[in-house]
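**Q** coords below, sequence missing:
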């Protein structure tokens, strides 16, 4: 149903380095890219995640209430994604842990302040 999700950035190369690290534990690999965007695809070639400079050339801003969930196969992968995000300069938005039985999530913000999580259900 979803083909791709875009996240705005004000520093494309810095964001690309961050997402290379964050998406590696999920099997994410670089997909198509141009001077305006970079993308990653997962091992099953499902929806792409893209970071891009806004089309209107205005500064990228954080959407209040917007969050992107990255599916993980196990709590250990959630922990690895969260650790990679923090080690790459991201900010904690909720340490990994069980939120309710069968739901394990770690929340973080990227270098531009966008909120994401790694989740295992």
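**A** Nice, I can see it. All figures in this text were calculated on a predicted structure; none of them were measured in a lab. Residues are numbered from 1 along each chain as shown.

**Q** ok, longest strand in this protein?
**A** As assigned by DSSP state E, the longest strand anywhere in the chain is strand 91-100.

**Q** next one: phi and psi at the residue lying closest to residue 115 once chain neighbours are set aside?
**A** Leaving aside its chain neighbours, residue 115 sits nearest to residue 67 (4.5 Å; criterion: C-beta to C-beta, 6 or more residues apart in numbering). The C-beta positions use only the backbone N, C-alpha and C, and glycine is treated the same way. For residue 67, the backbone dihedrals (degrees, to the nearest 10) come out as phi -150, psi 140.

**Q** What's the separation between residue 67 and residue 32?
**A** 24 Å (C-beta to C-beta, to the nearest Å).

**Q** Double-check the residue nearest to residue 115 against residue 117; I have them as touching.
**A** Yes. Judged on C-beta atoms under 8 Å, residue 67 makes contact with residue 117 at a distance of 6.4 Å.

**Q** distance between the ends of stretch 28-47?
**A** End-to-end distance for stretch 28-47, by C-alpha to C-alpha, to the nearest Å: 11 Å.

**Q** ok, now stretch 104-121?
**A** Where stretch 104-121 starts and where it finishes are 6 Å apart, if you go by C-alpha to C-alpha.

**Q** before we move on, what about stretch 28-42?
**A** This stretch, stretch 28-42, spans 4 Å end to end (C-alpha to C-alpha).

**Q** in it, what's buried?
**A** 28, 31, 37, 38, 39, 40, 41, 42 (16 or more other C-beta atoms under 10 Å).

**Q** Beta-bridge partners for the third one, please?
**A** Here residue 37 shows beta-bridge partners residue 52, assigned using DSSP bridges.

**Q** Quick check: it touching residue 7?
**A** No. Between residue 37 and residue 7 there is no contact under C-beta under 8 Å: 9.8 Å.

**Q** Identify the contacts common to those two.
**A** Contact criterion C-beta atoms under 8 Å, 6 or more residues apart in numbering; residues shared by residue 37 and residue 7: 50, 51, 52.
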